[in-house]
Every structure is written in C-alpha cells, then in structure tokens.
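>>> Quick one, fold the following:
(one chain, ligands or ions: 1)
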Amino acid sequence: MFQPDFAEIAERQPAAWTDYLVPQDWAHFTAEEHGVWDILFARQLPYLGTRIVTPFLHGIPRLGLDRPGIPDLDRLNDRLEPLTGWRCVSVPGLVPDDAFFAMLAERCFPIGNFIRSADCLDYLEQPDCFHDIFGHVPMLAHPPAARLMQAMGRLGVEAVAAGLGETISRLYWHTVEFGLAREDGEVKILGAGLASSFGEAHFAIEADVPRPRFTLRDAAATAYRSDAFQPLYFVSDSLEGAACELEALDLDELRALAG
Ligand SMILES: [Fe+2]
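Model (predicted):
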C-alpha cells in the first residue's frame, strides 16, 4: 500500500492537505480485519441504542453502515455526498492539525486506513477506521452536524495559523470527540470518541464523573486527555444549539476565549 513520506510532505511550502491522501484500496482488508469491524459494531451499537443522540442512530442505516465488514469508502460516499456534501477520504494515520482542519473545511473527512487488531479491541494509539467511520460519519449525514464540522475546519485553519491551535482543539475535543448533549431532557452521547469506545461510552454516561454544562469559555479553558479517559464531560444544551454556537464563532472571539 502506498505510504506518503510525512516528513518530506511537511518540508514542502506550503504542504497541501491532499498530499496526505492515500487510496483506500478496500480489497487490501483481510477477512480477519472485516471480522474485527463486525465484533466492534455488534458490541457497540446495542449499548448506544438509548444513550446516543438520535441523528447518529438515523445515520447508520441511511449510510448503509449496518452492512457487515469495513465499509468501502466509494460506496459510503455514494450515500453520504448527496445528503450533506461530505465525503470520506483515506489517510494512513493521524495528519497534522493544519491539514486535518483544511480537510474538514472542504467537507472531506479523513479515515485512517487500518483497523485495530482482534487482540487489542480497546487500545488505540491512533484513531482507526472504526473510530473514524463508526464514530464520526453517521453524524455527517445530519445537516447541523455537517455544518458544524465544516465550520470547525474553517476556523481551525485560521486558528492554527494564528497560534490558537490548542484552543480550537479544546472546543473540538469537548464537543465533536468527547461531548455529551441533552436530547428531550436526557444526557446523551454526542462525541465520536465516546460513540466508538466501549469502555469510555459506559464511563461518560454511568460513572461518577463531573458533567458540567458546555460553554465556549469553560471548554476553551479546559485541557483534555488524549492518553486516558477524560476527567469530565461537557454537556451541551442540545446538538443543534452547540452547532449554532460553534458555527458563529470567529477568530477574534476565539482569541478572546484563549485569554
Ligand atoms: Fe475522532
């Protein structure tokens, strides 16, 4: 499989986000790897059933994600693109923040072109295609979430260039990845990091852990953990409300939030 040389790309001035893309080459996935997807899917969806925001659940069948095996991105895009204009693109692994946000700004969502091994179902050094597809893509079929993600991308590009990458990352992390949101008065899972994690989905909803109300100011002031469960989970008043608030944010306001 083609692997780009990230060090060489980073030396290019400026590096383009398209430099990080690779073909998915769906046929390279083995039967065992498709089996890992099926195990993860069968374990995760029943738990999420009553605990995740409704648009996520609607997105699964609309996008054909309830079919067995690792999704073929071409087929997935055939369903996703007509709904919201988003497309999934394949990358070898984590990409730098500036390229990541530039992809989101173009309504392209990067999918890690690998899956965890069967003996490591719960440990991930990098987000794999189960996290990226199962966790994120159902929400991309929902117009408010689709707009939110593009807005985060556009602001993220500006923020990284202005030295505010940590602040925009905190807002992203506390909503898109590890956020909770109220729906019909109940606290539900919103973020992809929770939706795709068996252990942390349980922890965020059931454990005795702080769940403060989401505000831009508090989320921007709160560091996150990338190596452990979060010490707290912000609860947005609603998915749509959080989307509107984040869509309206500009660089000056982000700078003010950064203090
Ligand atoms: Fe993610």
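
>>> Going along the chain, name the helices of the stretch 101-250 of the chain.
Ranges of helices within the stretch 101-250 of the chain are 129, 137-140, 143-161, 165-172, 192-195, 198-206, 216-220, 239-247, based on DSSP state H, counting those that start in this stretch.

>>> Lowest mean pLDDT among the helices and strands, pick that one out for this structure.
helix 6-11 (a mean of 64; mean pLDDT, DSSP states H and E).

>>> circling back: can you tell which of the helices of the stretch 101-250 of the chain is closest to D184?
helix 239-247 (11.7 Å; Cβ to Cβ). The way it works is simple: take the backbone N, C-alpha and C, and place the C-beta from them, glycine included.

>>> about what we covered before: what's the next secondary structure element after the least confident helix or strand of the chain?
helix 31-48 (DSSP states H and E).

>>> any idea how far S197 lies from D237?
Applying Cβ to Cβ, to the nearest Å, the value for S197 to D237 is 24 Å.

>>> Save the helices of the stretch 101-250 of the chain as TSV, and put in mean neighbour count too.
Converted to TSV, the helices of the stretch 101-250 of the chain look like this (neighbours: other Cβ atoms under 10 Å):
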stretch	mean neighbour count
helix 129	25
helix 137-140	26
helix 143-161	20
helix 165-172	22
helix 192-195	24
helix 198-206	17
helix 216-220	18
helix 239-247	19
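
>>> quick one: which of those helices is nearest G85?
helix 143-161 (7.3 Å).

>>> I'd like the helices of the stretch 101-250 of the chain written out as a markdown table, with distance to R67 added.
Output for the helices of the stretch 101-250 of the chain, formatted as a markdown table (distance: least, Cβ to Cβ, whole Å):
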| stretch | distance to R67 |
| --- | --- |
| helix 129 | 14 |
| helix 137-140 | 13 |
| helix 143-161 | 22 |
| helix 165-172 | 29 |
| helix 192-195 | 18 |
| helix 198-206 | 21 |
| helix 216-220 | 36 |
| helix 239-247 | 26 |
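
>>> okay, those in JSON lines with distance to D66 and mean pLDDT next?
Shown next, in JSON lines, are those (distance: least, Cβ to Cβ, whole Å; pLDDT from 0 to 100):
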{"stretch": "helix 129", "distance to D66": "16", "mean pLDDT": "97"}
{"stretch": "helix 137-140", "distance to D66": "10", "mean pLDDT": "98"}
{"stretch": "helix 143-161", "distance to D66": "19", "mean pLDDT": "97"}
{"stretch": "helix 165-172", "distance to D66": "27", "mean pLDDT": "97"}
{"stretch": "helix 192-195", "distance to D66": "15", "mean pLDDT": "97"}
{"stretch": "helix 198-206", "distance to D66": "18", "mean pLDDT": "96"}
{"stretch": "helix 216-220", "distance to D66": "33", "mean pLDDT": "97"}
{"stretch": "helix 239-247", "distance to D66": "22", "mean pLDDT": "96"}
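
>>> Compare these and report which one is nearest to P231.
Closest to P231 of the helices of the stretch 101-250 of the chain is helix 198-206 (Cβ to Cβ; 10.9 Å).

>>> residues touching P212, list them.
By Cβ atoms under 8 Å, 6 or more residues apart in numbering, the contact list for P212 reads D218, L232, F234, V235.

>>> Show the buried residues in these.
With burial judged by 16 or more other Cβ atoms under 10 Å, the buried subset of those is F234, V235.
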